[in-house]
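[1] attaching a predicted model along with its sequence, questions to come.
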Amino acid sequence: MRARNAPAFFLRRVFTVRGGGTKVSGMLPDQNEQTLAHAAIIAGMGLHTGVPVRMLVRSAPAGAGVVFVRSDITDRDKRVPALAHNVTKTTLGTVITNAAGVSVSTIEHVMAAFAALSIDNVSVELDGPEVPIMDGSAMPFVQLLDQAGFRRQAMPQQVIEILKPVDVIEGDKRASLLPADQFEVRFEIDFPGTPIGHQVVDLAITEQSFREELAAARTFGFLDGVEALRKAGLARGGSLDNAIVIDGDVILNEGGLRFTDEFVRHKALDAIGDLYVLGMPILGRFEGIRAGHGLNNALVRALLSRPDAYRIVTRGAALADVG
């Protein structure tokens, strides 16, 4: 098992571009794909369904990607790959659905953990329709992955490099992907007249920065909207144990906030998870202004519709499994 802070295998200035040729870059480290060393399990409640669920994460073969598996389904295909074309709903969470109609909802927090901890291939088995919300952040999933451990695989990792700006705009909301030498996220929100107010976060996303700056940031909502959400079949499992709840100008959670700007940090966390349905890490900069799951997914689809705006690069040559 590879130690989490072990140095990369090599550093080169040249890496392979799909379709042939090479690209001269900054010191992009060679890196093989990664999976889990062992299986690990976690249990909790679905935020929107209110249904108890157990989630088991297992290793997966190189090239498999992130695949959710509904173990409670026995009469049809129960595998749902976490890919852009499978995103079917984005109302207060990201839902993926396969061709057989089997779905998994609220995947964004665990997907953010996979992205930030560089988990390329994993099987996520659920005995219910929704990923457990836990405390409303990604930290319980980071801890779950730490428990499972990490193992490098023989296949070199592929990265999607942003070559040209791609924007999606909806009124005063915007989501963009821009060229950059690393994965960066900037998010801006504005809730005037509330304890949230105007907040901005701008980070280079590494495993360390995610663990320290974003992973513990919780989802949030307003008390006066809870009844309407539940009538719409949402937030049935929501509580002060798994969300920051705001009532007027008061934060109801005992102990208050984990960060003074926890709200915008959570929006950045969501965006990282939503972008990982691209199926590989991003070399580029994401910028979101008042964006949500819907706009994040629209941006992913806009990027994939623009072959001139990105290319797939491979991080070095094939190496033996490290385990």
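    That came through fine.

[2] buried sites along stretch 93-109?
    Neighbour-count burial for stretch 93-109 flags 93-96, 98, 102-109 (criterion: 16 or more other Cβ atoms under 10 Å). Where you see a C-beta, it was placed from the backbone N, CA and C, and this is true even at glycine.

[3] for stretch 180-190, same thing?
    Buried residues in stretch 180-190 (16+ other Cβ under 10 Å): Phe183, Glu184, Val185, Arg186, Phe187, Glu188, Ile189.

[4] same check, this time on stretch 204-219
    Buried residues in stretch 204-219, counted by 16+ other Cβ under 10 Å: Ile205, Phe210, Arg211, Glu213, Leu214, Ala215, Ala216, Ala217, Arg218, Thr219.

[5] what's the end-to-end length of that stretch?
    By Cα to Cα, to the nearest Å, the extent of stretch 204-219 from end to end equals 21 Å.

[6] chain center to it, what's the gap?
    Centroid separation for stretch 204-219 versus its chain: 11 Å, with Cα atoms, centre = their mean, to the nearest Å.

[7] which residues are in contact with it?
    4, 47, 109, 112-113, 116-118, 133, 135-139, 142, 182-185, 201, 203, 242-244, 258-259, 262-263, 265-266, 268-270, 272 (Cβ atoms under 8 Å, 6 or more residues apart in numbering).

[8] hmm, back to that, let's have the buried residues of stretch 93-109 in a markdown table, adding secondary structure and distance to Ala309.
    A markdown table is the format used below for the buried residues of stretch 93-109 (DSSP: H, G, I helix; E, B strand; the rest coil; distance: Cβ to Cβ, whole Å):
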| residue | secondary structure | distance to Ala309 |
| --- | --- | --- |
| Gly93 | coil | 27 |
| Thr94 | coil | 22 |
| Val95 | strand | 26 |
| Ile96 | strand | 24 |
| Asn98 | coil | 28 |
| Val102 | coil | 32 |
| Ser103 | strand | 29 |
| Val104 | strand | 29 |
| Ser105 | strand | 29 |
| Thr106 | coil | 29 |
| Ile107 | coil | 25 |
| Glu108 | helix | 23 |
| His109 | helix | 28 |
